[in-house]
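A.B. asks: My questions are about this predicted structure, shown below with the sequence.
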Amino acid sequence: MKLLDTLRISGRNLFRPKTTTPLPWKGTRPRAARFRTSFALLHDEHGDQACIGCKMCEKICPSFIITVVPGGRAVSEKTGKSRGWCADFTLDAGACISCELCVQVCPTDAIVMLQVPAEVGFSREDLLLTMERLYANEKPGTAAWSTGSGLIAMQEPPKPPKPAEAAKPAETPKAPETTT
Ligand code: SF4
Ligand code: SF4
């Protein structure tokens, strides 16, 4: 009986339409809007490295794979203003779970994830993203959908009503008119 059931199920599935795309893929396949992989560090609008070495990304990372070495404060040659700098930054992508928390907490939008597929690695060392590699990944049009400010803005609670509106007394409902 079991054999007949198995044959019946196999026979039914034999003529079902294919639900997967056969390999090798032909042409380009559309990616999900929020597809993300690998990372880049960015420069700010003045051309300075945007990372201020605050270590927020290091502290929030649930996989403990980010190491930031702060570089202290110094005056930017481009803006003439004092700011924090990062002396070294490494991210071990081999243990990344793509949670994007590091992107979300960054106060300067210095770190982003990428939409382009990561370079294939053949050893664990190939997955270690050094500061140099992270800045080399900064290319126009390759960043994924989100930035730190964008993600934080999405989580802001709704604004409270304006004081004038909040103080306004609620209208008392009119009593129904009586007919005599
Ligand atoms: S996306 Fe990866 S590197 Fe960033 S916080 Fe999550 S696990 Fe850490
Ligand atoms: S990438 Fe952002 S969160 Fe991480 S150390 Fe640099 S400024 Fe801070």
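C.D. replies: Thanks, I have the structure now. Ligands and ions are numbered 1, 2, ... in the order given.
A.B. asks: Next SSE downstream of the longest helix seen in the chain?
C.D. replies: Determined from DSSP state H, the single longest helix within the chain is helix 2-14. Using DSSP states H and E, the helix or strand that follows helix 2-14 in sequence is strand 37-41.
A.B. asks: now what about that following strand, what contacts it?
C.D. replies: 49-51, 89, 91, 93, 98, 110-119, 129, 131, 134-135, 137-139, 142-144 (Cβ atoms under 8 Å, 6 or more residues apart in numbering). C-beta coordinates here come from the backbone N, C-alpha and C atoms, glycine included.
A.B. asks: if you look at whichever helix or strand comes after it, does any of it touch ligand 2?
C.D. replies: Later in the chain than strand 37-41, the nearest helix or strand by DSSP H and E is helix 56-60. Yes. Part of helix 56-60 sits close enough to ligand 2 to count as contact by Cβ under 6 Å from any ligand atom, namely 56, 57.
A.B. asks: Does anything pack onto helix 56-60? Which helices or strands?
C.D. replies: Of the remaining helices and strands, those touching helix 56-60 by 3 or more Cβ pairs under 8 Å, 6 or more residues apart in numbering; DSSP states H and E are strand 66-75, helix 101-105.
A.B. asks: wait, what's in contact with the residue most central in space within the chain?
C.D. replies: Central residue of the chain (Cα atoms, centre = their mean): residue 100, 4.0 Å from the mean position. The neighbourhood of residue 100, defined by Cβ under 8 Å, 6+ apart, consists of 36, 113, 146, 151.
A.B. asks: Same question for residue 46.
C.D. replies: Residues touching residue 46, when contacts are defined by Cβ under 8 Å, 6+ apart, comprise 76, 78, 79.
A.B. asks: Output the residues you listed in TSV; the columns should cover distance to residue 26, pLDDT and neighbour count.
C.D. replies: Written out in TSV, the entries for the contacts of residue 46 read as follows (distance: Cβ to Cβ, whole Å; pLDDT from 0 to 100; neighbours: other Cβ atoms under 10 Å):
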residue	distance to residue 26	pLDDT	neighbour count
76	49	97	15
78	47	95	12
79	50	96	13
